[in-house]
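Trainee: Sharing a model that was predicted from the sequence below.
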Amino acid sequence: MEIKDSVLLITGGAIRVGKAQALHMARKGAQISFSYMPGEPWGETKSELEACGVKVLATELDVRDTEKARQWVDDTVRAFGRVDVLINSASVWLKKPVLEITEKEYDLAIDVNMKAPFILSQVAAKYMKKQGRGVIINITDCSAFQVWPEYAPHGASKAGLVALTKSMAWELAPEVRVNAIAPGTVLLPPNYTPEVEQWAKDMSVLGRIGEPEDVARTSAFIIESEYATGAVYYMDGGMRLIAK
């Protein structure tokens, strides 16, 4: 699939890795529809995307609101006439000992990291099947394959997203291809400490932190690679190889 002139939906597209992917695709000529949460600098992101010469739709959306999430996909199709790519990039992180996690906190991780991508994929895939082509990319991470102490709901949600990726790849073929990307540390959290930075470097066999563009380039590769489906592409600097 050519990225130029394709219509790309991306959750969490106003900041961090989501924004990097949106900008990368806009520079390649994709039309962008992205969602954002209240308080995020969506206007700045929208201006940067439009500066690439493409059409942009920005929508405030809490992906846990499934009806509004479905509406967002429908609105994008009305605005652009189609939807070619869905990137489920929005995510939440919760660090807490397993005996202290509340039901509400558990539901938050599952609803944002696993349920929302499923609901959005359902809606987008119906349009993609009618069009005869489409690509879905789910952003997971290494917690789906490693045990991270105090990240039980997060790891469970990301492991579930990997399973969904494989199931959808099978059921939606051949018109729709579904893949996942598992980044390592490609962007440090806000207000990180020197200890956190050193930990991230130590968890990479390359001895360094990656960049959001590493994920964006992988997404572009998946979109353009017509034989890629049902796979997880690690962009983790070898993090999955280290047992710590």
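Mentor: Happy to help now that I have it. Residues are numbered from 1 along each chain as shown.
Trainee: make it CA atoms for all contacts and neighbour counts henceforth
Mentor: OK.
Trainee: what's the residue positioned nearest the centre of the chain in contact with, if anything?
Mentor: Nearest residue to the geometric centre of the chain (Cα atoms, centre = their mean): S89, 2.0 Å. For S89, the contact set (Cα atoms under 8 Å, 6 or more residues apart in numbering) comprises 10-13, 17-18, 138-139.
Trainee: for V63, same thing?
Mentor: When contacts are counted by Cα under 8 Å, 6+ apart, V63 touches 11, 69, 112, 116.
Trainee: Produce a ChimeraX select command limited to the buried residues of those residues.
Mentor: Restricted to buried positions by 16 or more other Cα atoms under 10 Å, the ChimeraX selection for these reads:
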select :11,69,112,116
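Trainee: one step back: give me the distance between the residue nearest to the centre of the chain and G13.
Mentor: 7 Å (Cα to Cα, to the nearest Å).
Trainee: now H24
Mentor: 11 Å.
Trainee: In terms of neighbours, single out the busier of these two.
Mentor: Legend: neighbour count by other Cα atoms under 10 Å for H24 and G13, higher for G13 (30 against 20).
Trainee: that's a strand at that one, yeah?
Mentor: No. With DSSP: H, G, I helix; E, B strand; the rest coil as the criterion, G13 is coil rather than part of a strand.
Trainee: Next, work out how far apart C52 and G29 are.
Mentor: Taken as Cα to Cα, the span from C52 to G29 is 8 Å.
Trainee: Kindly report the same for V178.
Mentor: Taking Cα to Cα, one finds V178 at 22 Å from G29.
Trainee: do the same with E2
Mentor: 9 Å.
Trainee: Give me the more crowded residue out of these two.
Mentor: A direct count of neighbours by other Cα under 10 Å for E2 and G29 places G29 higher, at 19 against 14.
Trainee: which residues touch the closest residue to that one other than its chain neighbours?
Mentor: Closest residue to G29 apart from its sequence neighbours, by Cα to Cα, 6 or more residues apart in numbering: K4 at 4.2 Å. K4 makes contacts with 28-30, as judged by Cα under 8 Å, 6+ apart.
Trainee: packing partners for the lengthiest helix in the chain?
Mentor: Longest helix of the chain, by residue count under DSSP state H: helix 152-172. Using 3 or more Cα pairs under 8 Å, 6 or more residues apart in numbering; DSSP states H and E as the contact test, the elements touching helix 152-172 are helix 103-110, helix 116-131, strand 134-139, strand 176-183.
Trainee: try it again with 7 Å
Mentor: Helix 152-172 sits against helix 103-110, strand 176-183, with contacts defined as 3 or more Cα pairs under 7 Å, 6 or more residues apart in numbering; DSSP states H and E.
Trainee: buried ones in that helix?
Mentor: In helix 152-172, counting by 16+ other Cα under 10 Å, buried: 152-166, 168-169, 172.
Trainee: hang on, the earlier thing: closest one to A231 out of the contacts of S89, please.
Mentor: N138 (10.4 Å; Cα to Cα).
Trainee: Which strand residues bridge the closest one?
Mentor: N88, A180 (DSSP bridges).
Trainee: Would you agree it is in contact with A180?
Mentor: Yes. Counting by Cα atoms under 7 Å, N138 touches A180, with 4.5 Å between them.
Trainee: what's the burial count for the closest residue to K115 other than its chain neighbours?
Mentor: The shortest distance from K115 to any non-neighbouring residue, by Cα to Cα, 6+ apart, is to R64 (8.0 Å). Number of residues near R64 (other Cα under 10 Å) recorded here: 18.
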